[in-house]
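# okay, sequence plus prediction incoming.
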Amino acid sequence: MGKPKAESFAESFIVAVDGPAASGKGTIATRLGEALDLPVLDTGLLYRAVGVLTAEAGGHMDDEGAAAAAAVMLTAEQLDDPKLRTRAAGELASRVAVHPRVRAALLDFQHTFARQEGGAILDGRDIGTIICPEAPVKLYVTARPEVRAERRWKQLTAQGEAVSYEDVLTDIRRRDARDGGRDAAPMKPAPDAVLLDTSEMTIEQAADAARRIVEAARARWEASQEAS
Ligand code: DC
């Protein structure tokens, strides 16, 4: 988070990229960051780190106090740990993410990142609805569960995890139900989000479509900044 803070969210071009697990939102956010020269925060890593730290401290995922204690202690350096990318960490993350106190503890970190001068890209589940509802552009990236399971299965296999496609599909369906059904900041498109279904797209096509949407929004946003 090197650059100075913008005075308010209105001065920062924030790109919100939300959507379910393995929809392609992470790759899209990374490609957007390269194309627009903006920093990217994968907010799923915050919840993954809280889940892993809670487990390592001997806490239970249903124990809101234990998970919130881990969230309060979280530092940016802990987000680089490769074990956060595992299937197990994804499941722990989804379980601790239901707790309002965990979500509240992670709010400042996300707001500070979003307010960087020049702007920022954040990907997650609730960026457009809760974290940055004022973001000038919001994408909701989705794909059919079977397509997402296939993508995630290939990714996990390439990382060396021995797991079947069927088990990954079961994980994805369970996480969709939990992330979308919880009371605290449920996963859903913001009313003003642009929906991008990547089921029939290659990652290049999806990233290109996202870039066009965001570049058009940035041109409108820059014009409105100059006018005000
Ligand atoms: O994007 P991901 O698969 O790394 O996210 C892991 C879990 O973290 C996801 O199942 C739900 C939770 N999460 C969340 O509740 N809100 C976010 N903004 C990002 C992730």
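That came through, no problem.

# please make it C-alpha for all contacts and neighbour counts, starting now.
OK.

# gap between Ala210 and Asp176?
Applying C-alpha to C-alpha, to the nearest Å, the value for Ala210 to Asp176 is 22 Å.

# looking at the two, which one has more neighbours?
Ala210 (22 against 17; other C-alpha atoms under 10 Å).

# residue contacts, that one?
By C-alpha atoms under 8 Å, 6 or more residues apart in numbering, the residues touching Ala210 are 28, 32, 139, 196.

# the strands in the chain, which residues?
Along the chain, counting by DSSP state E, strands occupy 14-18, 40-42, 120-124, 137-142, 194-197.

# my guess is His111 contacts Ile131, does it?
Yes: between His111 and Ile131 there is a contact at 7.1 Å, judged by C-alpha atoms under 8 Å.

# tell me which of the two has more neighbours.
Neighbours were counted for His111 and for Ile131 using other C-alpha under 10 Å; Ile131 has more, 21 against 14.

# tell me the pLDDT of the more buried one.
Looking at Ile131, its pLDDT reads 98.

# please give me every residue in contact with it.
107, 110-111.

# quick one: contacts for Pro39?
33, 119-121.

# let's see 6 Å
Going by C-alpha atoms under 6 Å, 6 or more residues apart in numbering, Pro39 touches 33, 120.

# may I have the phi/psi pair for it?
phi -70, psi 150 (degrees, to the nearest 10).

# pull the number of nearby residues for the nearest residue to Ala185 once chain neighbours are set aside.
With C-alpha to C-alpha, 6 or more residues apart in numbering as the criterion, Ala185 has its nearest non-adjacent residue at 6.1 Å, and that residue is Asp126. Residues within reach of Asp126, counting by other C-alpha under 10 Å, total 24.

# now Asp126: how far from the ligand?
5 Å (C-alpha to the nearest ligand atom, to the nearest Å).

# same deal with Thr142?
Thr142 sits 12 Å away from the ligand, going by C-alpha to the nearest ligand atom.
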